[in-house]
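Participant: got a structure for you, letters missing:
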(Lines give C-alpha, C1' and ligand atoms only; values in the text may rest on other atoms or scores of the structure.)
Protein backbone atom coordinates (compact mmCIF):
# COMPACT_ATOMS: atom_id res chain seq x y z
CA UNK A 1 0.00 0.00 0.00
CA UNK A 2 1.39 3.40 -0.99
CA UNK A 3 1.79 6.50 1.13
CA UNK A 4 -1.35 8.44 1.93
CA UNK A 5 -2.08 11.98 0.79
CA UNK A 6 -1.27 13.15 4.32
CA UNK A 7 2.11 11.37 4.23
CA UNK A 8 2.86 12.95 0.84
CA UNK A 9 1.88 16.42 2.07
CA UNK A 10 4.01 16.00 5.19
CA UNK A 11 7.00 14.85 3.12
CA UNK A 12 6.55 17.66 0.61
CA UNK A 13 6.38 20.34 3.31
CA UNK A 14 9.31 18.92 5.28
CA UNK A 15 11.74 18.10 2.47
CA UNK A 16 13.15 19.55 -0.70
CA UNK A 17 12.44 17.86 -4.01
CA UNK A 18 13.46 14.24 -4.41
CA UNK A 19 16.64 14.11 -6.48
CA UNK A 20 16.53 11.27 -9.00
CA UNK A 21 19.58 10.03 -10.89
CA UNK A 22 18.30 8.60 -14.16
CA UNK A 23 20.79 6.12 -15.61
CA UNK A 24 19.75 5.52 -19.22
CA UNK A 25 21.95 5.25 -22.33
CA UNK A 26 19.25 6.17 -24.88
CA UNK A 27 18.71 9.95 -25.10
CA UNK A 28 15.13 9.71 -26.41
CA UNK A 29 14.13 7.28 -23.68
CA UNK A 30 15.81 9.50 -21.08
CA UNK A 31 13.91 12.56 -22.33
CA UNK A 32 10.59 10.72 -22.21
CA UNK A 33 11.27 9.31 -18.75
CA UNK A 34 12.36 12.70 -17.39
CA UNK A 35 9.19 14.28 -18.80
CA UNK A 36 7.05 11.56 -17.20
CA UNK A 37 8.72 12.12 -13.82
CA UNK A 38 8.59 15.91 -13.68
CA UNK A 39 5.14 16.35 -15.22
CA UNK A 40 2.46 15.92 -12.61
CA UNK A 41 0.02 17.78 -10.45
CA UNK A 42 2.24 17.90 -7.38
CA UNK A 43 5.62 16.81 -8.66
CA UNK A 44 8.30 16.49 -6.02
CA UNK A 45 11.20 15.54 -8.28
CA UNK A 46 14.39 16.92 -9.80
CA UNK A 47 16.04 14.63 -12.34
CA UNK A 48 19.71 14.34 -13.25
CA UNK A 49 20.64 12.13 -16.20
CA UNK A 50 23.75 10.09 -16.85
CA UNK A 51 24.08 8.07 -20.06
CA UNK A 52 27.08 5.94 -19.03
CA UNK A 53 27.38 3.60 -16.08
CA UNK A 54 30.81 4.90 -15.07
CA UNK A 55 29.57 8.51 -15.04
CA UNK A 56 26.60 7.46 -12.93
CA UNK A 57 28.87 5.67 -10.49
CA UNK A 58 31.07 8.78 -10.21
CA UNK A 59 28.00 10.95 -9.60
CA UNK A 60 26.78 8.60 -6.89
CA UNK A 61 30.08 8.96 -5.05
CA UNK A 62 28.98 12.56 -4.35
CA UNK A 63 26.07 13.51 -2.07
CA UNK A 64 22.67 14.75 -3.14
CA UNK A 65 20.88 11.86 -4.86
CA UNK A 66 17.86 10.33 -3.12
CA UNK A 67 16.98 7.55 -5.57
CA UNK A 68 18.45 5.93 -8.69
CA UNK A 69 16.23 5.06 -11.67
CA UNK A 70 18.23 2.49 -13.61
CA UNK A 71 17.87 0.92 -17.04
CA UNK A 72 19.31 -2.60 -17.09
CA UNK A 73 20.29 -2.43 -20.76
CA UNK A 74 23.31 -0.16 -20.57
CA UNK A 75 26.14 -0.12 -23.08
CA UNK A 76 28.75 -1.27 -20.54
CA UNK A 77 26.73 -3.97 -18.77
CA UNK A 78 23.41 -5.73 -19.20
CA UNK A 79 20.77 -7.21 -16.96
CA UNK A 80 21.16 -7.70 -13.24
CA UNK A 81 24.92 -7.00 -13.50
CA UNK A 82 24.06 -3.35 -14.17
CA UNK A 83 22.16 -3.24 -10.89
CA UNK A 84 25.00 -4.97 -9.05
CA UNK A 85 27.49 -2.36 -10.33
CA UNK A 86 25.39 0.57 -9.10
CA UNK A 87 24.54 -1.25 -5.88
CA UNK A 88 28.26 -1.71 -5.19
CA UNK A 89 28.62 2.08 -5.10
CA UNK A 90 25.52 3.00 -3.07
CA UNK A 91 25.21 -0.07 -0.86
CA UNK A 92 22.12 0.27 1.28
CA UNK A 93 22.22 4.08 1.37
CA UNK A 94 20.14 4.92 -1.73
CA UNK A 95 17.23 2.96 -3.21
CA UNK A 96 17.58 1.74 -6.80
CA UNK A 97 14.43 1.46 -8.88
CA UNK A 98 14.68 -0.43 -12.17
CA UNK A 99 12.97 0.87 -15.33
CA UNK A 100 13.73 -1.50 -18.17
CA UNK A 101 12.32 -3.24 -21.21
CA UNK A 102 13.56 -6.57 -19.79
CA UNK A 103 10.38 -8.46 -18.87
CA UNK A 104 12.21 -11.65 -17.95
CA UNK A 105 11.00 -13.04 -14.60
CA UNK A 106 14.54 -14.28 -13.94
CA UNK A 107 16.01 -10.80 -14.36
CA UNK A 108 13.24 -9.28 -12.25
CA UNK A 109 13.68 -11.83 -9.45
CA UNK A 110 17.47 -11.63 -9.37
CA UNK A 111 17.41 -7.83 -9.34
CA UNK A 112 14.80 -7.61 -6.59
CA UNK A 113 16.55 -10.35 -4.59
CA UNK A 114 19.80 -8.38 -4.75
CA UNK A 115 18.22 -5.25 -3.29
CA UNK A 116 16.37 -3.25 -5.94
CA UNK A 117 13.57 -1.16 -4.43
CA UNK A 118 11.30 -1.68 -7.42
CA UNK A 119 11.10 -3.07 -10.95
CA UNK A 120 9.05 -1.36 -13.68
CA UNK A 121 8.69 -2.13 -17.38
CA UNK A 122 9.15 0.60 -20.00
CA UNK A 123 6.01 1.22 -22.00
CA UNK A 124 3.86 -0.60 -19.45
CA UNK A 125 4.36 1.74 -16.50
CA UNK A 126 2.26 4.91 -16.44
CA UNK A 127 3.78 8.24 -15.42
CA UNK A 128 1.75 8.12 -12.20
CA UNK A 129 3.05 4.63 -11.39
CA UNK A 130 6.59 5.78 -12.14
CA UNK A 131 6.34 8.78 -9.80
CA UNK A 132 4.65 6.70 -7.11
CA UNK A 133 7.33 4.01 -7.38
CA UNK A 134 10.13 6.57 -6.97
CA UNK A 135 8.37 8.33 -4.11
CA UNK A 136 7.63 5.10 -2.26
CA UNK A 137 11.22 3.90 -2.72
CA UNK A 138 12.49 7.04 -1.00
CA UNK A 139 10.02 7.26 1.88
CA UNK A 140 10.08 3.53 2.62
CA UNK A 141 13.87 3.04 2.29
CA UNK A 142 15.52 2.37 5.66
CA UNK A 143 17.78 5.21 6.71
CA UNK A 144 21.37 4.18 7.53
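Facilitator: Cool, the structure landed. These numbers were taken from a predicted model, which means no experiment stands behind them.

Participant: Surely residue 24 and residue 48 touch.
Facilitator: No - contact criterion Cβ atoms under 8 Å: residue 24 and residue 48 do not qualify, at 11.3 Å. Heads up, the C-betas are built off the backbone N, CA and C, glycines and all.

Participant: Against residue 131, how distant is residue 26?
Facilitator: 20 Å (Cβ to Cβ, to the nearest Å).

Participant: all helices of the protein, in order?
Facilitator: Assigned by DSSP state H, the helices in the chain fall at 5-14, 27-38, 53-60, 80-90, 105-113, 127-140.

Participant: Of all the ones you listed, which one is nearest residue 97?
Facilitator: Between residue 97 and the helices of the chain, the shortest gap by Cβ to Cβ is with helix 127-140, which sits at 5.1 Å.

Participant: What helices and strands are in contact with the closest one?
Facilitator: helix 5-14, strand 18-23, helix 27-38, strand 67-70, strand 96-100, strand 118-121 (3 or more Cβ pairs under 8 Å, 6 or more residues apart in numbering; DSSP states H and E).

Participant: Any idea which of the helices of the chain gets closest to residue 96?
Facilitator: In terms of Cβ to Cβ, the element of the helices of the chain nearest to residue 96 is helix 80-90, at 5.8 Å.

Participant: where in the chain is pLDDT low?
Facilitator: Applying pLDDT under 70 to the chain picks out residues 1-15, 41-43, 144.

Participant: 50 instead, please
Facilitator: Applying pLDDT under 50 to the chain flags the ranges 1-14.

Participant: Among residue 24 and residue 48, which residue is more densely surrounded?
Facilitator: More crowded of residue 24 and residue 48, by other Cβ atoms under 10 Å: residue 24, with 24 against 14.

Participant: sorry, back to before: of the helices and strands packed on helix 127-140, flag the one that's most buried.
Facilitator: strand 67-70 (a mean of 26; mean count of other Cβ atoms under 10 Å).
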